[in-house]
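K.L.:
Structural data only, the sequence is not supplied:
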């Protein structure tokens, strides 16, 4: 490890590094259509190869605790699971209960106006602003996801936290997802410690974010400059309280439920997904499968409770020049699935829709898409109209798929289980080091001595967590960041390229697919869990640690790693914990999915 080894150089990086890429390429810059390849994947019933899955039973020693060698333990098995522990002995009435809750997390905007002298939609220090409170500072809310200094100038639609709670016998799990670019584990712990959740009998609170690029900076990376945090402490506290509020509401609303599920990939007649979503990083491999899980009252099947939806796409259809707070396509997806589309004669599902993003790593999102608007014309440019069109389209697809192909799950197949494990990850990204040192990021580091020079024996680590959750025949594993889809579905089956060539001819530093991991892949492993017929990744859940990039396709600039990206498709490496992201973040996901409790 010899990447700019002094703290001074790391601090210098903080003035140069930025967050995500600029707006994705428009549709005419996308890879040309490769024809009508066989893309008839049955996303719910994969032909899973027969492999042994070791039931690695252990007692869950804490990850992150230094071993007798003095080194951290990246993963050492689950520290909790249900049923099977003292607090969840599988006693009860053998019925599934479901409840839902929601709360607003809109910021209170006070200072929004400035004179954009150079028309870049970002505030520079020489640009006059309206100083409402007279303190001499531009007290804007900074929008996350693209470059620095994007000040929010209004609220277009609500930012929310949505929660769904499950109970089966004496096991209770709550899942909450907020409209944010990401949420650190320390923020999640603050939610779990909120007194309003005390006494509710919740065994596990799982928290994630939609990864919206048009909301408030909840990580710190997108402040007025690269060396100044974008965090607003009061807003962060508000999110803690509102997540807890939504979780409490969901648990208090628990009632017996029935379950209907569908999985389908939104494509055109030729099997092309680019009316909805695309992937613009080589290899072009992604999972556009939409999972819709509807819960209604057991004794009144027309009375809605909640709808749990998973789909993989960056919520950045509104683009980097948007200055209005928005949940991006997620807002309209939730609105259409709940309220329907009267113009199309589609009734809504009612209840509360809880959306969880999936394996959106790489550049899975709007890049190169041809999203049709309400009039059938393609919305070519990034903006709120494109975000609305994308959300409404995928919402309509969800309603049609559930009505046409949804499967009602028999009561005998309803169940609830989870297992969860603490992990520790080494952070080699020197840009991240700079952000920690300048308090751009607000989270604790492990095994790191500020008084000592940086070398191979003094590298920051962070704690994190992975969880496997199963509700009836639906199994999901959490990803503490943006999982690259080739770690989810693999590289061997080119149907996951959806008619496009997986590699761009003559692209520099193109990946060598012969060195990619062999099956079984993570999706296969989830489907190998007893009773699972529907599998998905819950992305950016339990933590947010950037892109989870596969080792075979991880490449850094040899001169200025993490500051500049090498030629080809290698941006994501600059916003990852480092070349160990597969080892430290993906491998525990695989391990928790493989793990089985002792009989």
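P.N.:
Ah, there it is. Quantities reported herein were computed from a predicted structural model and do not represent experimental measurements.
K.L.:
mind listing what the residue nearest to residue 202 when sequence neighbours are not counted touches?
P.N.:
Sequence neighbours aside, residue 172 is the residue nearest to residue 202 in space, at 5.1 Å (criterion: C-beta to C-beta, 6 or more residues apart in numbering). For the C-beta atoms, the positions are set from N, CA and C on the backbone; glycine is no exception. In this structure, residue 172 makes contact with 165-166, 200-204, 251, 254, judged by C-beta atoms under 8 Å, 6 or more residues apart in numbering.
K.L.:
biggest separation within those residues, which pair?
P.N.:
Spanning the widest gap among the contacts of residue 172 are 204 and 254, at 14.7 Å by C-beta to C-beta.
K.L.:
dump the residue contacts of the nearest residue to residue 286 once chain neighbours are set aside.
P.N.:
Excluding its sequence neighbours, the residue lying closest to residue 286 (C-beta to C-beta, 6+ apart) is residue 279, at 4.1 Å. Contact analysis of residue 279 by C-beta under 8 Å, 6+ apart lists 285-286, 362-364, 367, 485.
K.L.:
pLDDT score assigned to residue 279?
P.N.:
Note for residue 279: predicted pLDDT of 98.
K.L.:
Can you verify residue 303 is assigned to a helix?
P.N.:
No. According to DSSP: H, G, I helix; E, B strand; the rest coil, the state of residue 303 is strand, so it is not within a helix.
K.L.:
any idea how far residue 521 is from residue 109?
P.N.:
Taking C-beta to C-beta, to the nearest Å as the measure, residue 521 falls 44 Å from residue 109.
K.L.:
Compare those two (neighbour count), which wins?
P.N.:
residue 521 (24 against 17; other C-beta atoms under 10 Å).
K.L.:
Is it correct that the more buried one is in contact with residue 488?
P.N.:
Yes. Residue 521 lies in contact with residue 488 (C-beta atoms under 8 Å); the separation is 6.5 Å.
K.L.:
ok, then the element right after the host helix or strand of residue 251?
P.N.:
Under the criterion of DSSP states H and E, residue 251 resides in helix 233-252. Sequence-wise, the next helix or strand beyond helix 233-252 is strand 255-264, with elements assigned using DSSP H and E.
K.L.:
List the pairing partners of that next one within its sheet, with orientation.
P.N.:
strand 96-104 (antiparallel), strand 290-297 (antiparallel), strand 407-408 (antiparallel) (DSSP bridges).
K.L.:
Just put these in CSV and tack on mean neighbour count, mean pLDDT and distance to residue 448.
P.N.:
As requested, the strands paired with strand 255-264 are exported to CSV (neighbours: other C-beta atoms under 10 Å; pLDDT from 0 to 100; distance: least, C-beta to C-beta, whole Å):
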stretch, mean neighbour count, mean pLDDT, distance to residue 448
strand 96-104, 22, 98, 36
strand 290-297, 23, 98, 39
strand 407-408, 13, 98, 50
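K.L.:
Would you convert these into CSV that also reports distance to residue 136?
P.N.:
CSV is the format used below for the strands paired with strand 255-264 (distance: least, C-beta to C-beta, whole Å):
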stretch, distance to residue 136
strand 96-104, 31
strand 290-297, 49
strand 407-408, 61
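K.L.:
Of all those, which one comes closest to residue 426?
P.N.:
Across those, residue 426 has its closest neighbour in strand 290-297 (32.7 Å, C-beta to C-beta).
K.L.:
now the farthest one out in the protein, which residue is it?
P.N.:
residue 134 (38.4 Å; C-alpha atoms, centre = their mean).
K.L.:
which residues touch that residue?
P.N.:
So residue 134 contacts nothing (C-beta under 8 Å, 6+ apart).
K.L.:
and the gap between it and residue 569?
P.N.:
The spacing between residue 134 and residue 569, counted by C-beta to C-beta, is 48 Å.
K.L.:
And the next helix or strand past the helix or strand harbouring residue 468?
P.N.:
Assessed by DSSP H and E, residue 468 sits inside strand 461-471. Downstream of strand 461-471, the first helix or strand assigned by DSSP H and E is strand 474-478.
K.L.:
helices or strands next to that next one in the packing?
P.N.:
strand 461-471, helix 522-527, strand 534-538, helix 587-594 (3 or more C-beta pairs under 8 Å, 6 or more residues apart in numbering; DSSP states H and E).
K.L.:
Adding distance to residue 159, write these out as JSON lines.
P.N.:
Formatted as JSON lines, the helices and strands packed on strand 474-478 follow (distance: least, C-beta to C-beta, whole Å):
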{"stretch": "strand 461-471", "distance to residue 159": "24"}
{"stretch": "helix 522-527", "distance to residue 159": "30"}
{"stretch": "strand 534-538", "distance to residue 159": "20"}
{"stretch": "helix 587-594", "distance to residue 159": "28"}
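K.L.:
looking at the ones you listed, which is buried most?
P.N.:
Of all the helices and strands packed on strand 474-478, strand 534-538 has the most neighbours on average by mean count of other C-beta atoms under 10 Å, namely a mean of 27.
K.L.:
Filter the contacts of residue 172 down to the buried ones, ChimeraX style.
P.N.:
Applying 16 or more other C-beta atoms under 10 Å to the contacts of residue 172 leaves a buried subset, and the ChimeraX line that selects it is:
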select :165,166,200,202,203,204,251,254
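K.L.:
low pLDDT regions in the chain?
P.N.:
1-70 (pLDDT under 70).
K.L.:
Can you show me the helices along it?
P.N.:
Taking DSSP state H, the helices of the chain run over residues 7-13, 185-192, 233-252, 329-339, 384-405, 430-437, 522-527, 581, 587-594.
K.L.:
Out of those, which one sits most buried?
P.N.:
Counting by mean count of other C-beta under 10 Å, the most buried of the helices of the chain turns out to be helix 581, with a mean of 33.
K.L.:
Check the gap between the residue nearest to residue 106 when sequence neighbours are not counted and residue 209 for me.
P.N.:
Closest residue in space to residue 106, ignoring its immediate chain neighbours: residue 159 at 5.4 Å, by C-beta to C-beta, 6+ apart. Counting by C-beta to C-beta, the gap from residue 159 to residue 209 is 11 Å.
K.L.:
Please say which of those two ends up with more neighbours.
P.N.:
A direct count of neighbours by other C-beta under 10 Å for residue 159 and residue 209 places residue 209 higher, at 29 against 24.
K.L.:
Give the full set of residues in contact with the closest residue to that one other than its chain neighbours.
P.N.:
Nearest residue to residue 209, sequence neighbours excluded (C-beta to C-beta, 6+ apart): residue 180, at 4.3 Å. Applying C-beta under 8 Å, 6+ apart to residue 180 gives the contacts 105, 144, 159, 209-212, 215-216, 218, 239.
K.L.:
can you map out the strands along the stretch 101-250 of the chain?
P.N.:
All strands of the stretch 101-250 of the chain, identified by DSSP state E, counting those that start in this stretch, fall at 154-155, 160-168, 171-178, 204-209.
K.L.:
With that, I have no additional questions.
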